[in-house]
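Visitor: okay, structure incoming, though there's no sequence with it:
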């Protein structure tokens, strides 16, 4: 039981009167890198927001580290969808990353030199040190995503939730982000990532959650990520790379 870091039982959530999630059940163990995949409207982003109390739950139980989110939140980092952020806000990349330290600094206190240094180190790790004093509105989409990931890293959390961090980024940024996520896993951190590209699931994640308003299946990628399970999740017609290529999805129509 000690390695269980998240337990969700019978979770449900809705927007207005439309149920988005129903009877969601799963358990996450420490040190796993999980891809959350499913069709558009499956409730992937809503799931993360509900777990982190950014969206109300209709029912169900959520336990982080055998306690409530409020008591465990200092152990949790979050990277929202890039499209949900006001990138025109007048602030620098370094300031954005420093914001990730405010729980440790204190909301009414100014960051000190050691905090700025830690934020700069996180930018450096993401290859963004040269842009530390650049306004975030002047950065490309991929650069903005690197900055937001640096803000999450500087929190030094035990568990990270990331909502589509690879959407709209260039290939180099995608490789850089995945390298960092795999480093986090290697360090014993737990990472859950909303992901859209089925072709890279087997390469990127050791665990996968197939979600379509409820959890269709969840577990080790090599066991769960099969043609049959993906068909249950997505429905419709699928085109595969070939029956002999370990049931890897080529595309979903």
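Guide: Everything's here; your move. These numbers come from a predicted model, not from an experiment.
Visitor: okay, buried residues for stretch 141-150 please.
Guide: In terms of neighbour count (16 or more other CB atoms under 10 Å), stretch 141-150 has its buried residues at 142, 143, 144, 145, 146, 147, 148, 149, 150. (Glycine included, C-beta is placed from N, CA and C.)
Visitor: biggest separation within the residues you listed, which pair?
Guide: The distance between the two most remote of those (CB to CB) is 12.8 Å, for 142 and 150.
Visitor: between the buried residues of stretch 141-150, which sits nearest residue 119?
Guide: Of all these, residue 119 sits closest to residue 150, with 7.5 Å by CB to CB.
Visitor: OK, contacts around that closest one?
Guide: Residue 150 makes contacts with 93, 97, 100, 119, 122, 123, 125, 126, 128, as judged by CB atoms under 8 Å, 6 or more residues apart in numbering.
Visitor: helix or strand for the residue positioned nearest the centre of the chain, which one?
Guide: The centroid of the chain falls nearest to residue 162 when counting by CA atoms, centre = their mean (1.7 Å). Residue 162 is part of strand 159-163, with elements assigned from DSSP states H and E.
Visitor: model confidence score at the residue nearest to the centre of the chain, please.
Guide: Looking at residue 162, its pLDDT stands at 94.
Visitor: checking the residue lying closest to residue 10 once chain neighbours are set aside next. Helix, strand or coil?
Guide: Counting by CB to CB, 6 or more residues apart in numbering, the nearest residue to residue 10 once its immediate chain neighbours are dropped is residue 60, at 4.5 Å. Following DSSP: H, G, I helix; E, B strand; the rest coil, residue 60 is assigned to strand.
Visitor: looking at it, residue 60 is touching residue 22, isn't it?
Guide: No: using CB atoms under 8 Å as the test, residue 60 is too far from residue 22 to be in contact (9.4 Å).
Visitor: now for the two: what residues contact both?
Guide: Common contact partners of residue 60 and residue 22 (CB under 8 Å, 6+ apart): residue 12.
Visitor: pLDDT weak spots in the stretch 1-150 of the chain?
Guide: 1-2, 83-87, 102-112 (pLDDT under 70).
Visitor: show me the strands in it, by range?
Guide: 4-15, 18-29, 33-37, 59-64, 76-79 (DSSP state E, counting those that start in this stretch).
Visitor: okay, those strands, which one's buried deepest?
Guide: strand 33-37 (a mean of 25; mean count of other CB atoms under 10 Å).
Visitor: tell me which other helices or strands that strand touches.
Guide: The criterion is 3 or more CB pairs under 8 Å, 6 or more residues apart in numbering; DSSP states H and E, and the helices and strands that strand 33-37 contacts are helix 44-51, helix 171-186, strand 190-194, helix 201-204, strand 207-211.
Visitor: my guess is residue 5 contacts residue 157, does it?
Guide: No: in this structure, residue 5 is not within contact of residue 157 by CB under 8 Å, at 11.1 Å.
Visitor: hmm, back to that, so who does the residue nearest to the centre of the chain touch?
Guide: 78, 79, 149, 152, 181, 191, 192, 193, 194.
Visitor: what number of residues are in the vicinity of the closest residue to residue 184 other than its chain neighbours?
Guide: Excluding the flanking residues, the one nearest residue 184 by CB to CB, 6+ apart is residue 191, at 5.5 Å. Residue crowding around residue 191 was assessed by other CB atoms under 10 Å; the count is 24.
Visitor: can you lay out the contacts of residue 150 as JSON lines showing neighbour count and distance to residue 27?
Guide: Formatted as JSON lines, those follow (neighbours: other CB atoms under 10 Å; distance: CB to CB, whole Å):
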{"residue": "93", "neighbour count": "29", "distance to residue 27": "37"}
{"residue": "97", "neighbour count": "29", "distance to residue 27": "32"}
{"residue": "100", "neighbour count": "24", "distance to residue 27": "28"}
{"residue": "119", "neighbour count": "25", "distance to residue 27": "34"}
{"residue": "122", "neighbour count": "25", "distance to residue 27": "30"}
{"residue": "123", "neighbour count": "24", "distance to residue 27": "35"}
{"residue": "125", "neighbour count": "17", "distance to residue 27": "31"}
{"residue": "126", "neighbour count": "23", "distance to residue 27": "31"}
{"residue": "128", "neighbour count": "23", "distance to residue 27": "35"}
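Visitor: no more questions from me, cheers.
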